[in-house]
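Q: Have a look; sequence and predicted model below, questions after that.
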Amino acid sequence: MTGRWQAILMATLGVVAVMQWIRAYQLRRASAKREELFRIVTENAADMIALVDVKGNRLYNSPAYRRVLGYSAADLAETSPFDQIHPDDRFKVLEAAREARQTGVGRKLEYRIRHKNGTWRVLESVAGTIRDGNGDVGKLVIVNRDITDRKQAEELAERNAFHDGLTDLPNRRLFLDRLHNLYERSNRNPARQHALMLVDLDGFKNWNDALGPSLADQVIVEIGGRIEGCLRGEDTVSRAQNLALQDAILSRMGGDEFTVLVEGIAEPSDAMRVAKRILAAMARPMELAGREVRITASIGIGLSAPTHTQAEDLLQEADVAMRRAKSLGGSRCEVFDEALHNRAMKRLNLEGELREAIRQNQFRVYYQPIVELNGRRLAGFEALLRWQHPEQGLISPQSFLAAAEDTGLLVSTGQWILLEACKQLRAWDAIEHGAGAVHVCVNLSPKQFCDPGLAADLEAILRDTGVDGSRLRVELTERVAAADPKLSHTVLSQLRQLGVKVTLDDFGTGRLSLSELGRLPADALKIDGELIETILTDRNAYETVELILLLGQKFKLQMIAEGIESEKEWEMLRALGCEMGQGYFFSPPVEAGAAGKLLMEWRQGGLAKSAEG
């Protein structure tokens, strides 16, 4: 090769070298610019940005790690990226990293990571890949965003959608969802039976009106806690197996209604045992704003059956059973059956007929004499409600009173009875010989007694009819008086300020303590008729009546015995010191006209003769 060509070759090689150098310089400048840009972006980004190699070793962590998680670069350098990840989430993070390396595409995922203070934060993460000169994935760029506040807000919203805001128990929506799931499972395994208990507080609307919404809410929370306490731990409720009641689902359906859904019972008695334990827990008095309150409940139990065509069938049956429990006086549990369903349908028809009876003025007031046992002088009458049914004739209240009470019809009907009784007193006063000092006694229903306007209504009735308050007595049962002694004291004191006298009815059921009885502003006790019915044959009944009479004397209360059916009963009660009595021995309840005739016979001594006959 000549010197000329050598020179050309060397010059060419020099140009190529210079160009390669220039290219390399440009690449270094571009890389430096990219790194500088990467640094500027990552150090000022709100999101946490990390760079790791294919083995998971940290190469870079942005300053946001300190702001969000509290870790400095030195802290992170001492640990593996997976050390702070929640143990339950590590596998899915590793899988996402492996998938990104293999496919070159990262997917979004959520996982929990430990803050330096020990709490857990929730991150939303996306991984990107950086390839080396051979086109292989050499690094992963991971962008993490803290979404803890958003997740907590979502969880709170979801919880609010499915949980009761007052008690934090599952609400009706969540209960129905679980009921449907259980129904589907039972279809696949019919041999596995479950039960639904519907718990409804007795007369809670009255307590809500009397206590006010705030204290009533406290009662609901307390009751929910007591029911929940009955379902904790294991309870041997079946002879065949141990039923783990921590799996039972307690929900608040709304208002004063709760449900308990129990899976895996062997027989109805299993559910009955749980229900009775709930009733026992609820029977304990609770202190509320310095007052003692007793709340009872009625529990209806529905049992899964192959005849059910939808999940709601079980809820409907539990509701029917619960209403049956209420009709029997409350504070009890009942199990659904077909006969129960038929009775429920009859009850619905009855409620419709009762509303029609009010519109058609079919109710009547009958009067039963109350007699002084010594001398058998007529002292007064008890006003008793009767229904003049267009087809069935005269109906006593035992067959319709519960329905009237549940529907709220008894409050307005009770006011009507008070008005009619006072009007009748004035009418009797117009009889030639006058009614003298006879009084009329009117029963108050539980809802009527808890009505805040009771005293004002009664005052208006006395004023409009011109009847002196001392001529009127009101009766309430021992059970109603014992439910809230402080409330009872307040209401009865208001009535006595009007001159109205107070009688505690059905006394002897053991609801009131001696201290509570001593504080109540009552004037008379009426001994429960069931005790009088067996006083001649049952030594315990005799001794109970004897003790009640001694108690009445101690508290200076007039004593009245109801249900006197024979001369022997009358003589025994008179010998025991009972002052007043009523019953078919003297006279059955009669209409107002016949009661007026009894008044005239009394003036002529005829009542004693008719009683003796």
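A: Looks like it came in fine. Numbers count the residues shown, from 1 in each chain.

Q: What is the helix or strand harbouring residue 560 packed up against?
A: Assigned by DSSP states H and E, residue 560 falls within strand 558-562. If you count contacts as 3 or more CB pairs under 8 Å, 6 or more residues apart in numbering; DSSP states H and E, strand 558-562 packs onto strand 524-527, helix 529-533, helix 539-554, strand 580-582. C-beta: built from backbone N, CA, C; applies to glycine.

Q: Give me the helices and strands touching the longest one, please.
A: Helices and strands touching helix 539-554, as assessed by 3+ CB pairs under 8 Å, 6+ apart, comprise strand 524-527, helix 529-533, strand 558-562.

Q: Out of the ones you listed, which gets nearest to residue 87?
A: helix 529-533 (67.2 Å; CB to CB).

Q: so what does the closest one touch, helix or strand wise?
A: helix 539-554, strand 558-562.

Q: okay, the helices and strands packed on helix 539-554 in a markdown table with mean neighbour count next?
A: Listed next are these as a markdown table, based on neighbours: other CB atoms under 10 Å:
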| stretch | mean neighbour count |
| --- | --- |
| strand 524-527 | 24 |
| helix 529-533 | 19 |
| strand 558-562 | 24 |
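
Q: Serialize these to CSV and add fields for distance to residue 364 and mean pLDDT.
A: Below are these laid out as CSV (distance: least, CB to CB, whole Å; pLDDT from 0 to 100):
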stretch, distance to residue 364, mean pLDDT
strand 524-527, 23, 91
helix 529-533, 22, 89
strand 558-562, 21, 93
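
Q: Residue 177: which of the ones you listed is closest?
A: Using CB to CB, the helices and strands packed on helix 539-554 put helix 529-533 closest to residue 177, at 47.2 Å.

Q: what sits up against the closest one?
A: Contact partners of helix 529-533, identified using CB atoms under 8 Å, 6 or more residues apart in numbering, comprise 506, 508, 541, 544-545, 548, 561-565, 569, 573, 583.

Q: Please apply the same query to stretch 494-507.
A: 439, 441, 443, 454-455, 458-459, 462, 468-470, 472-479, 481, 492, 512, 517, 520-529, 548, 560.

Q: Repeat that for stretch 570-584.
A: So stretch 570-584 is in contact with 368-374, 379, 382, 524, 527, 529, 532, 535-536, 542, 545-546, 549, 553, 558-565, 569, 585, going by CB under 8 Å, 6+ apart.

Q: now swap in stretch 558-568 and tell me
A: 370, 373, 503, 523-530, 532-533, 536, 545, 548-549, 552-553, 569-570, 573, 577-586.

Q: out of those residues, which are buried?
A: By neighbour count, with 16 or more other CB atoms under 10 Å, the contacts of stretch 558-568 hold 370, 373, 503, 524-529, 532-533, 545, 548-549, 552, 569-570, 573, 578-583, 585-586 as buried.

Q: per-residue pLDDT, the closest residue to residue 255 other than its chain neighbours?
A: Closest residue to residue 255 apart from its sequence neighbours, by CB to CB, 6 or more residues apart in numbering: residue 204 at 7.7 Å. Listed pLDDT for residue 204 reads 80.

Q: for residue 135, same thing?
A: At residue 135, pLDDT is 68.

Q: How about the one 5 residues further on?
A: According to the predicted model, the pLDDT of residue 140 comes to 79.

Q: Would you mark the buried spots in stretch 402-412?
A: Buried residues in stretch 402-412 (16+ other CB under 10 Å): 402-406, 409-411.
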